[in-house]
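Student: Here is a sequence with its predicted model. Questions after.
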Amino acid sequence: MKKVLFSLLLVAGVFAAGKKAKAQSASPVIKIGIFDIDRMVQAMPGYGKVDTAVALYERDSLAAEYEFYNSEYHRLDSTFKADSAKGKPKSVLDAIGQQRQQVGLNIVYWQQIAQNKSQNKRAQLAQPLYETVANAYKKILEAKKITLVLKPEAIEMGSSPAVIEDLFVLVAKELKIPLGQGQGAAAGAADDDETKQAPATTKPQTGTKPKPKQ
């Protein structure tokens, strides 16, 4: 009786193992791709014009805006002091004081304000390039049946190139543009490692940022 029970258990175990192996073999294969749409857009031939336009915007428009805030703050400050000396009503002084405070805050936080405006301008100018890259990227994803996409910095040493598709090369071919040295997936990961090791740098400010007088 024990032998019969053991045989039944053995058969059941073999059947379960075979069923599990069959299920695993039927599971869809995960195909991994490496890509970063920002890096690909920056490799586009027309991106140099975006850089130039943004630099002109920062130099002309943002610099002029900062100078306006500076002169406006000093004008309001002088007006407030003059009206205070003349004994103007509190309501008038409060209104001027609020305007002066708002302009002063724009000066204090100008670096952040200018950076946001610059980024918005860049996004606006680069939008057609993003659309072009995105269309090519979608075609490659469908053609290669990619199920998971990672950024280059996600690559670890020892990753097998047989299971990781460099989508930078494929998208560049789809767009018919040359992919320069240092613009592929592996190069992107190396760049990221160097960025982590290098000391942090800050972007130059647009204009100086004096602290408003109280």
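Tutor: Now that the structure is in, tell me what you want to look at.

Student: Output the longest helix belonging to this structure.
Tutor: Longest helix in the chain by number of residues (criterion: DSSP state H): helix 110-144.

Student: Now do the buried residues in that one.
Tutor: For helix 110-144, the neighbour count (16 or more other C-beta atoms under 10 Å) marks 110-111, 113-114, 117-118, 121-122, 125-126, 129-130, 132-133, 136-137, 140-141 as buried. No exception for glycine: its C-beta is placed from N, CA and C like everyone else's.

Student: before we move on, what about stretch 43-62?
Tutor: Buried positions in stretch 43-62, judged by neighbour count with 16+ other C-beta under 10 Å: 43, 44, 47, 50, 54, 57, 58, 62.

Student: and what of stretch 78-91?
Tutor: Quick answer for stretch 78-91 (16+ other C-beta under 10 Å): 79, 80.

Student: Just flag the most distant two among the buried residues of stretch 43-62.
Tutor: Farthest-apart pair in those is 43 and 62; separation 26.7 Å (C-beta to C-beta).

Student: Need the nearest residue in space to residue 174, chain neighbours excluded.
Tutor: Nearest residue to residue 174, sequence neighbours excluded (C-beta to C-beta, 6 or more residues apart in numbering): residue 136, at 4.1 Å.

Student: dump the residue contacts of that neighbour.
Tutor: Neighbouring residues of residue 136 by C-beta atoms under 8 Å, 6 or more residues apart in numbering: 171, 174, 175.

Student: In strands, which of those residues appear?
Tutor: Nothing among these maps onto strands, per DSSP state E.

Student: which of those residues tops the neighbour count?
Tutor: Comparing these by number of neighbours (other C-beta atoms under 10 Å), residue 171 comes first, having 25 neighbours.
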